[in-house]
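>>> Build me a model from this:
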Amino acid sequence: MNPLEIGLMLSWGLAGAGLAWYAASVAKEVTYVTLADGRRQERSFPLAFKMLLPFVGNLDGLVSRPMFAKDVAASEALLVAGGYEGLVNGREFVALKILTPVVMGALWCVVIFLAGAVIPDSLFTSSRLELCLLGVILFALQPMMWLKGAVKKRHLAIMKALPFVLDILTLSVEAGMDFISALQRNCASRRMDALNEELLRMTKEIQVGSSRKEALRNMAKRCGQPDLKSVANALIQADELGVSIGSILRIQSEQLRSRRFDRAEKLANEAPTKMLGPLMLCIFPAVFIILLGPVLAQAMKGMF
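Alright, predicted model coming up:
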């Protein structure tokens, strides 16, 4: 082995060690968002995004151009709906969408070529170009897939918590408490979850001077969850028409429970179809082997 090859191997080893050290140091960092009352809430953030986040400022001039305005606005709305407002803004996320396939895709291609050199006559050698292209495509799709998954997870948490919160608010309002005081007591007594964060922000907006109708409309637009939007619109109409909020909350709670029962019934009806695949792939072959295994063994003994 000549000195050039030794130097090249040492260079690759130092580069890999440096990258591993950087990834380990970034992985220890905890990402937070600041809630409306000043408290900080932890948010999970992919390791690849943490590693690339310090470099997104270099693309600020690029993503500020008008051609990225629509993408920035859509990313900003999804980040707010997913609960990541204040941690990453729309321009930073669009920059992450550009950097992720470029940087991570390049690292993936380097790993593929090194694996092909170390393990000759393997898949890494025969299909390098296809594997590199596949990795770049997956890294390009990963940021938006992660963000949409985070929004879906947050919406699911709100959907599960909303009927119980409406029941508590209904009891409090019908017992004589005003709506804002009932909201504040609910936020103080329950653990901090996605719905509690949205209600806490709404009460803070009302306290700083926004009308209840405006705060409800902002919450519905910011969150985008269908059930919460329905409740907010019903409360806005009740505020405009002078209808009792207690009766509106009770009606909305009953409707949400009915819709949740319908969703559960739909999932139950879909279960047999979803079980068909695992049944055909796993259970039937196992039963076939158990029942016919001894017969086949005896037949093989008779033949030999």
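
>>> Mind jotting down where the strands sit in this protein?
Remark: strands assigned in the chain by DSSP state E are 32-34, 40-42.

>>> so can I have TSV of the ones you listed showing mean neighbour count?
(Glycine included, C-beta is placed from N, CA and C.) TSV is the format used below for the strands of the chain (neighbours: other C-beta atoms under 10 Å):
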stretch	mean neighbour count
strand 32-34	14
strand 40-42	12
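
>>> Please convert those to a markdown table, extending it with distance to Lys152.
Listed next are these as a markdown table, based on distance: least, C-beta to C-beta, whole Å:
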| stretch | distance to Lys152 |
| --- | --- |
| strand 32-34 | 18 |
| strand 40-42 | 19 |
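
>>> ok, how many other residues are close to the nearest residue to Asp60 once chain neighbours are set aside?
Closest residue to Asp60 in three dimensions, ignoring its sequence neighbours and counting by C-beta to C-beta, 6 or more residues apart in numbering: Arg91, at 6.4 Å. Other residues lying near Arg91 total 21 when counted by other C-beta atoms under 10 Å.

>>> what separates Arg91 from Leu59, distance-wise?
Taking C-beta to C-beta, to the nearest Å as the measure, Arg91 falls 8 Å from Leu59.

>>> next one: Leu267
Distance, Leu267 to Leu59, using C-beta to C-beta: 42 Å.

>>> The residue nearest to Asp60: what's it in contact with?
Listed by C-beta atoms under 8 Å, 6 or more residues apart in numbering, the contact partners of Arg91 are 56, 60, 63-64, 68, 72.

>>> which regions of this protein sit below the pLDDT cut-off?
1-2, 5, 118, 121-126, 284, 286-288, 291-293, 295-296, 302-304 (pLDDT under 70).

>>> residue ranges of the helices in it, please?
Secondary structure of the chain (DSSP state H): helices located at 3-27, 47-52, 60-63, 69-81, 90-99, 105-118, 123-126, 128-174, 179-189, 194-207, 212-223, 226-241, 245-278, 284-303.
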